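*Asks:* test case, fold it:
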Amino acid sequence: MAAPTAGGLVATFLRSFLIQGSWNYRSMLGTGLCFALLPSLRRIFSDDPDALQRSVRRHVEHFNAHPYLSGVALGAIVRLESEAADDQAIRRFKTAVRGPLGGLGDSLVWASWLPAVSMAALSLLWLGAPGWVAVATFLLVYNLGHLGLRTWGFRAGLTNGRNVGRSLTGANLALWTERLRAVDALFLGALAGAVLGGDGGLADSGLAWAGLALVGFVAGTVTGHRLWRPTAVAVVGLVALLTAWGWAS
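*Replies:* All right, here's what the predicted structure looks like:
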């Protein structure tokens, strides 16, 4: 058994971007997880082909998590395998982390970060910025957060192994989610204002549309934080409103 090389770790991290490529109903992310682990596993078990095969069979089993936080599990598994942890210890670890990694990722990314950046980019568009500026802003800002989260997660898992929960607790991703929801409310207000007052906006379509936009903005800022996935609800509602407006006009 040997320690994973820097090249193997880099390959594992890069392969984590493809972890959903073989998603299926039986193992979900399991096959992708094993694919990402292979460069490191081949180094760790370079002198024991049978142990490598057992490890591969172990990691193609069912596993699920948020793809952006899957690196936490990948890094920790590499650490566990290099420390010769037994099969059951690794399986227990994977079972323990998949729920938290899925829930934290969904709340932080899909329900908070993605809506915030989307609404910021849409606000730029409605305020008159060229389309390419809005798209470039979205891609740059969103992927700074996306890549930062992936990198941090992989390093945290690799450093802490089975104790990676301490890193998750210390990072307090739930608090970051709450902060982002406040930012979401701010950007929702900015987007509502841009849609209302921008060139060709709702203000030009009559008092009824302007009033509806104001009601939606007030409802979102006052009660949105109490709703399930409030920013997702707000974005869906706003898209539905704009779609109806487009049909009406």
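*Asks:* any buried residues in stretch 139-157, and which?
*Replies:* Of the residues in stretch 139-157, Tyr142, Gly145, His146, Leu149, Arg150, Gly153, Phe154, Arg155, Ala156, Gly157 count as buried by neighbour count, 16 or more other C-beta atoms under 10 Å. Where C-beta positions appear, they are placed from N, C-alpha and C, glycine not excepted.
*Asks:* those in helices, which ones?
*Replies:* Tyr142, Gly145, His146, Leu149, Arg150, Gly153, Phe154, Arg155, Ala156, Gly157 (DSSP state H).
*Asks:* does the second one touch Trp113 like I think?
*Replies:* What it means is Gly145. Yes - under the criterion of C-beta atoms under 8 Å, Gly145 makes contact with Trp113 at 5.5 Å.
*Asks:* quick check, pLDDT for the residue lying closest to Gly161 once chain neighbours are set aside.
*Replies:* Distances taken as C-beta to C-beta, 6 or more residues apart in numbering place Arg79 nearest to Gly161, at 3.7 Å, with adjacent residues excluded. Note for Arg79: predicted pLDDT of 95.
*Asks:* next one: Gly170
*Replies:* If you check Gly170, the pLDDT there is 86.
*Asks:* how many neighbours does Ala3 have?
*Replies:* By the criterion of other C-beta atoms under 10 Å, Ala3 has 12 neighbours.
*Asks:* look up the closest residue to Ala85, ignoring the ones flanking it.
*Replies:* Among residues not flanking Ala85 along the chain, Arg162 sits closest, at 7.5 Å (C-beta to C-beta, 6+ apart).
*Asks:* Leu180 contacts Val109, doesn't it?
*Replies:* No - if you go by C-beta under 8 Å, Leu180 and Val109 don't touch, sitting 9.5 Å apart.
*Asks:* so what sits against both of those two?
*Replies:* With contacts defined as C-beta atoms under 8 Å, 6 or more residues apart in numbering, no residue is shared by Leu180 and Val109.
*Asks:* just the closest of the ones in helices among the buried residues of stretch 139-157 to Thr5, please.
*Replies:* Nearest to Thr5 out of these is Phe154 (C-beta to C-beta; 15.3 Å).
*Asks:* list the residues that contact the closest one.
*Replies:* Phe154 is in contact with Thr12, Phe13, Ser16, Gly71, Val72, Leu74, Gly75, counting by C-beta under 8 Å, 6+ apart.
*Asks:* distance of it relative to Ser118?
*Replies:* Phe154 is 26 Å from Ser118, where distance means C-beta to C-beta, to the nearest Å.
*Asks:* for Leu41, same thing?
*Replies:* Distance from Leu41 to Ser118, by C-beta to C-beta: 38 Å.
*Asks:* neighbour-wise, which of the two wins?
*Replies:* When neighbours are counted by other C-beta under 10 Å, Leu41 and Ser118 differ, and Leu41 comes out ahead with 25 against 18.
*Asks:* check which helix or strand the more buried one maps to.
*Replies:* Assigned by DSSP states H and E, Leu41 belongs to helix 30-44.
*Asks:* in that helix, what's buried?
*Replies:* 30-44.
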